[in-house]
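# Fold the following, please.
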Amino acid sequence: MKRTMLATLLSTIAATALADINVGVTLSATGPAASLGIPEKNTVDLMPKTIAGQRVNYIVLDDASDTTTAVKNIKKLISESKVDVVIGSTTTPNSLAMIDVAAEGETPMIAMAAAAKIVAPMDEKRKWVFKTPQNDAQMATAIVEHMTNNNIKTASFIGFSDAYGEGWWNEFSKIAEARKIKVVGNERFNRADTSVTGQVLKLMSARPDAILIGGAGTPAALPQKSLKEKGYKGVIYQTHGVANNDFLRVCGKDCEGTVLPAGPVLVAAQLPADSPVKASALAYVSKYEAAYGKGSVSAFGAHAWDASLLLANALPAALKKAQPGTREFRAALREALEQTKDLAGAHGVFNMSAQDHLGLDQRARVMVTVKAGAWSYTK
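Sure, this is the predicted structure:
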């Protein structure tokens, strides 16, 4: 009897010691959003392989910037790979499409896309979803503040013809109206378009003081280059969706003077010494550049890094309640993520709650200007 009990106890201990945490990742390593997804994929290789004494496995799939593929990927990760949590996807349309699957599978999901509606308004489905990038609403507010501080009276908008562009239009137009900036143009383009001449000419005909481009990655360079080619002399704003060096490379000299909000990690070395994010941002920059070369870091890889920090912070609490691979563990992990407090990441300080599954405040944004082909900290 005693031998049987001892054998059972040893078996339980062995199972506990050998249980792995499986993290599913779906991101856009190819397709129009590849300049965002590649640094995210690179960052996965830097994530910890052991957390709280448990081995962590990362199962990475490419959704090729395609919404249908992103849904297939999360279904596969949950049903076949039995993951405990999903990180992804890179873009807003893909992340929005994945919400139903995450909720149905009762699996926490940490999105790396920006739109506020990924996590709000909170409901029974979104209670399983978290995200690391700053909301479009937060960043739109920063842009409009910059406009009012620089005496801009009229503005136009051109954005992606998808959920990212629509989300930015909704937030920007609402805040601009409240701040008495007259919006005199609203155009759309597709991520894979090769010309936006017609849209640009319409925008310029209204003679706006500034134009905001609501795009992400290298495709957002297209309207900017077209505006410069047609002789537009006003201020051009971009969103934090272009905060990487691939955008600078593609846009070239036409980027000079561009203004955008970004996460602090983009200009980590330029931040004031008393910034609460400087140390954590520099830590990521150092780790990424040690692996991929000086100047290789981007804001998008940092979104993935912050997801790993959230997990590392939440997993010890979840492991005290249940074993990886179980429904109880996934529920405990969701609860632990929701209770994140004062966690300094590469992009800001996270303080989450049952109603806020982002948890970033104004410390997660700075304004930057492109000067001499590089990012320059503005405020």
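
# Just give the nearest non-adjacent residue to residue 173, would you?
Among residues not flanking residue 173 along the chain, residue 183 sits closest, at 5.4 Å (Cβ to Cβ, 6 or more residues apart in numbering). To be clear about C-beta, it is placed using only N, CA and C from the backbone, and glycine gets the same treatment.

# Check the offset of the host helix or strand of the one you found from the chain's centre.
Element membership for residue 183, per DSSP states H and E: strand 182-189. Chain-centre distance of strand 182-189: 25 Å, with Cα atoms, centre = their mean, to the nearest Å.

# hmm, who's touching it?
The contact list for strand 182-189 (Cβ atoms under 8 Å, 6 or more residues apart in numbering) reads 153-161, 165, 169, 172-173, 176-177, 196, 199-200, 202-203, 206-208, 211, 215, 222-223.

# Keep only those of these that are in strands.
154, 155, 156, 157, 158, 159, 160, 211 (DSSP state E).

# from those, which two are the most distant?
Maximum pairwise distance in the ones in strands among the contacts of strand 182-189, criterion Cβ to Cβ, is 22.3 Å, between 154 and 160.

# ok, the two, which is more surrounded?
residue 160 (29 against 18; other Cβ atoms under 10 Å).

# Can you report how many residues neighbour the residue nearest to that one when sequence neighbours are not counted?
Once flanking residues are discounted, residue 160 sits nearest to residue 215: 5.3 Å by Cβ to Cβ, 6+ apart. By other Cβ under 10 Å, the residues close to residue 215 number 27.

# which residues does residue 215 contact?
159, 160, 164, 165, 189, 191, 222, 223, 238, 239, 241, 242.

# how close does it get to residue 38?
Distance check for residue 215 against residue 38: by Cβ to Cβ, to the nearest Å, it reads 17 Å.

# Same check on residue 199?
Distance from residue 199 to residue 38, by Cβ to Cβ: 28 Å.

# now residue 107
On the measure of Cβ to Cβ, residue 107 and residue 38 end up 25 Å apart.

# out of those two, which sits in the more crowded spot?
Higher neighbour count among residue 107 and residue 38: residue 107, with 24 against 21, using other Cβ under 10 Å.

# and residue 9, what pLDDT?
Looking at residue 9, its pLDDT reads 52.

# next one: the one 4 residues further on
Note for residue 13: predicted pLDDT of 50.

# Equivalent analysis for residue 62, please.
At residue 62, pLDDT is 98.

# same check, this time on the one 3 residues further on
What the model reports as pLDDT for residue 65 is 97.
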